[in-house]
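Novice: let me see the structure of the following:
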Amino acid sequence: MRRAPAGRLSVRVAARTVEADDIVRFELVAADGGVLPPFTPGAHIEVYLKRGLVRRYSLCNNPCEFHRYVIAVLRDPKSRGGSELLHTQVREGDLLEISAPRNHFPLAETTGETLLLAGGIGITPLLSMAEHLADQGARFRLHYRARSRSAMAFAGYIESRFADSTALHLSDGAPEQLLDLNTLLVDPSPARHLYVCGPKGFMDAVLETAARLGWDKANLHREYFAGEVVASSADQPFEVRAARSNKVITIASGQSLLQGLAKAGIDVPRSCEQGVCGTCMTTVLEGEPDHRDLYLSDEQRASKRCILPCCSRSRTPLLVLDI
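Specialist: You can find the predicted model right below:
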């Protein structure tokens, strides 16, 4: 059996199931039949695909399971190749290479209620959180919104597993079951934590409502699945110096920082290329970044010491990076 490159895991697709409209669930097991590295609620893996594509998917099974990872993949009509490839070419029995689990969306310890708000495919990291919280006997509520029942992955399982802690909200359903954020978020107690994942518009509505109702930023946790790379005709060229090689590269107005570095032969790890996953995060030694991502915290942005080169640019003529 071919070994996976260093730092990667070789897994086999044990099952492939159509979970909902345009959503396929993949159950992955170790290719050698052994146990898989443990993971924590909210964690994700990176899947290495053909043509150098790397895509990040949340683990949605119970973290107490060591024999499998479960991911669910939405077929994106604007796919740049990842979801399309998984939907059309990956079958049961195929071997894949993945990263070990990483977690940029961890659960905080709290004695109060945990509120989980999922929109569409955003259910995936929150499902593993619900599994963990249920096993711990912790207080939580899961609110899951989708456009229709047929688009709602894991709906039947969620209703049976978390019957007393779940509410499903369908955009095409009766008015009385629609998600009412003003009512749901009215109690911003210090021990109550909110986790939200889903389309950007849904997440923005949740976070803006929570802020207006007085929630502490420290109690609001989010994970974006996709962002919009902001391009502007006003973008100016700038220079970036790679400190380790002292190489200076000019980044053109219509070129991303990541593209410019790659063209100059400087490889930076990448995955989403939309400013949401943090894979390409790089340390800034000099200059001021023009942040356009959805990943960095307010504190990280204010420090001016890191940048996501897949989408962000420079406010100063020169940016010096620790690469």
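Novice: which neighbouring elements make contact with whichever helix or strand residue 141 is part of?
Specialist: Using DSSP states H and E, residue 141 maps to strand 140-146. Using 3 or more C-beta pairs under 8 Å, 6 or more residues apart in numbering; DSSP states H and E, the elements in contact with strand 140-146 are strand 114-119, helix 123-136, helix 155-161, strand 166-170. For every residue, glycine as well, the C-beta is placed using N, CA and C.
Novice: among those, which comes closest to residue 196?
Specialist: strand 114-119 (4.4 Å; C-beta to C-beta).
Novice: how far does the closest one sit from the chain's center?
Specialist: The chain centroid and the centroid of strand 114-119 are separated by 15 Å, computed with C-alpha atoms, centre = their mean, to the nearest Å.
Novice: pairing partners for the strand holding residue 141, with directions?
Specialist: Strand 140-146 has its sheet partners listed here by DSSP bridges as strand 114-119 (parallel), strand 166-170 (parallel).
Novice: buried stuff in the next helix or strand after the shortest one?
Specialist: What it means is strand 166-170. Downstream of strand 166-170, the first helix or strand assigned by DSSP H and E is helix 181-184. Residues 181, 184 are the ones in helix 181-184 that count as buried (16 or more other C-beta atoms under 10 Å).
Novice: so which elements touch whichever helix or strand comes after helix 181-184?
Specialist: Once helix 181-184 ends, the next helix or strand along the chain (criterion: DSSP H and E) is strand 193-198. For strand 193-198, the packing partners by 3+ C-beta pairs under 8 Å, 6+ apart come out as strand 114-119, helix 123-136, helix 200-212, strand 220-224.
Novice: most packed of the ones you listed?
Specialist: strand 114-119 (a mean of 26; mean count of other C-beta atoms under 10 Å).
Novice: tilt between it and helix 123-136?
Specialist: 150 degrees (axes from the mean of the first three to the mean of the last three C-alpha atoms, to 10 degrees).
Novice: got the contact list for strand 114-119?
Specialist: Strand 114-119 is contacted from outside by 107, 126-127, 129-130, 133, 138-146, 179, 184-185, 192-199, 202-203, 206, using C-beta atoms under 8 Å, 6 or more residues apart in numbering.
Novice: now the end-to-end length of stretch 298-311.
Specialist: 17 Å (C-alpha to C-alpha, to the nearest Å).
Novice: apologies, that question was intended for stretch 65-72.
Specialist: First-to-last residue span, stretch 65-72, C-alpha to C-alpha: 17 Å.
Novice: pull out the buried positions in it.
Specialist: Applying 16+ other C-beta under 10 Å to stretch 65-72 flags 65, 68, 69, 70, 71, 72 as buried.
Novice: where exactly do the helices run in the stretch 201-323 of the chain?
Specialist: 257-263, 298-303 (DSSP state H, counting those that start in this stretch).
Novice: can you tell me which of the ones you listed is packed in deepest?
Specialist: Neighbour counts (mean count of other C-beta under 10 Å) averaged over each of the helices of the stretch 201-323 of the chain peak at helix 257-263, with a mean of 18.
Novice: off-centre distance for that one?
Specialist: 23 Å.
Novice: could you do stretch 166-175 as well?
Specialist: 24 Å.
Novice: ditto for stretch 299-319
Specialist: With C-alpha atoms, centre = their mean, you get 21 Å for stretch 299-319.
Novice: same question for stretch 104-118.
Specialist: That offset, for stretch 104-118, works out to 16 Å (C-alpha atoms, centre = their mean).
Novice: same question, stretch 15-22
Specialist: The answer for stretch 15-22 is 20 Å, by C-alpha atoms, centre = their mean.
Novice: try stretch 24-35
Specialist: Distance, centroid of stretch 24-35 to centroid of chain: 21 Å (C-alpha atoms, centre = their mean).
Novice: how about stretch 15-23?
Specialist: Centre to centre, stretch against its chain (C-alpha atoms, centre = their mean), the figure for stretch 15-23 is 19 Å.
Novice: what do you get for stretch 195-210?
Specialist: Relative to its chain's centre, stretch 195-210 lies at 14 Å (C-alpha atoms, centre = their mean).
Novice: pull it out as PDB, backbone CA atoms only.
Specialist: Provided in PDB are the C-alpha atoms of stretch 195-210 (Å, rounded to 0.1, in the frame of the first residue of the first chain):
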ATOM      1  CA  TYR A 195     -21.700  29.300  18.400                       C
ATOM      2  CA  VAL A 196     -22.800  30.000  14.800                       C
ATOM      3  CA  CYS A 197     -21.800  28.500  11.500                       C
ATOM      4  CA  GLY A 198     -23.400  28.800   8.000                       C
ATOM      5  CA  PRO A 199     -23.800  31.200   5.100                       C
ATOM      6  CA  LYS A 200     -22.300  34.600   5.700                       C
ATOM      7  CA  GLY A 201     -25.600  36.400   5.600                       C
ATOM      8  CA  PHE A 202     -27.000  34.100   8.200                       C
ATOM      9  CA  MET A 203     -24.000  34.500  10.400                       C
ATOM     10  CA  ASP A 204     -23.900  38.200  10.100                       C
ATOM     11  CA  ALA A 205     -27.500  38.500  11.100                       C
ATOM     12  CA  VAL A 206     -26.900  36.300  14.200                       C
ATOM     13  CA  LEU A 207     -23.800  38.200  15.300                       C
ATOM     14  CA  GLU A 208     -25.300  41.700  14.600                       C
ATOM     15  CA  THR A 209     -28.400  40.800  16.600                       C
ATOM     16  CA  ALA A 210     -26.300  39.400  19.500                       C
END
